[in-house]
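here you go, sequence then predicted model.
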Amino acid sequence: MLILIAKFKTKPGCREQMIALAKDAIGPSRNEEGCIIYNFLQDAFDPDSFTFYEKWRSREDLDLHFEEPHFKEFAQKSPELIVGQPSLVSYEIASETEIS
């Protein structure tokens, strides 16, 4: 299993464009084979900061996601809306246990 956390901040005045662009990618991404979780989160304390929190069955499934048209559109349009470089971190997870 793989977890991907992508964080970035939008340029002033670009927040709503980013939200709309992300909304177009969320549904198709969630429907992809191998997608377990695909969430787009807005920071409660800095509304121009966003995080994609994704859980994939495997690295191969994530690589296939990167080839999908909806991801390619997001990847093409998002750089003009963000400040600096996004932070992208992935974690390979051997197992998980629910805490109750």
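Great, that's in hand. None of these values were measured; they are calculated from a predicted model. Numbering: from 1, shown residues only.

what residue is smack in the middle of this structure?
Closest to where the C-alpha atoms of the chain average out (C-alpha atoms, centre = their mean) is F52, at 3.2 Å.

find the nearest non-adjacent residue to it, please.
The shortest distance from F52 to any non-neighbouring residue, by C-beta to C-beta, 6 or more residues apart in numbering, is to A6 (4.2 Å). The C-beta positions use only the backbone N, C-alpha and C, and glycine is treated the same way.

backbone dihedrals for Q42, please?
phi -100, psi 130 (degrees, to the nearest 10).

how many neighbours does it have?
When counting by other C-beta atoms under 10 Å, one arrives at 15 neighbours for Q42.

need the contact list for it.
By C-beta atoms under 8 Å, 6 or more residues apart in numbering, the contact set of Q42 is I19, S49, F50.

buried ones among those residues?
Among the contacts of Q42, the ones that count as buried by 16 or more other C-beta atoms under 10 Å are S49, F50.

sorry, back to before: what residues are up against the residue nearest to the centre of the chain?
Taking C-beta under 8 Å, 6+ apart as the test, what F52 contacts is L4, I5, A6, A22, Y38, N39, F40, L41.

if you rank those by neighbours, which is first?
Within those, neighbour counts (other C-beta under 10 Å) peak at Y38, which reaches 20 neighbours.

the residue nearest to F52 sits in which helix or strand?
Taking DSSP states H and E as the criterion, A6 maps to strand 2-10.

report the buried residues of the longest helix seen in the chain.
If you go by DSSP state H, the chain has its longest helix at helix 15-30. By neighbour count on 16+ other C-beta under 10 Å, the buried set for helix 15-30 is R15, M18, L21, A22, A25, P28, S29.

now the fourth one: how far from F40?
Distance check for A22 against F40: by C-beta to C-beta, to the nearest Å, it reads 5 Å.
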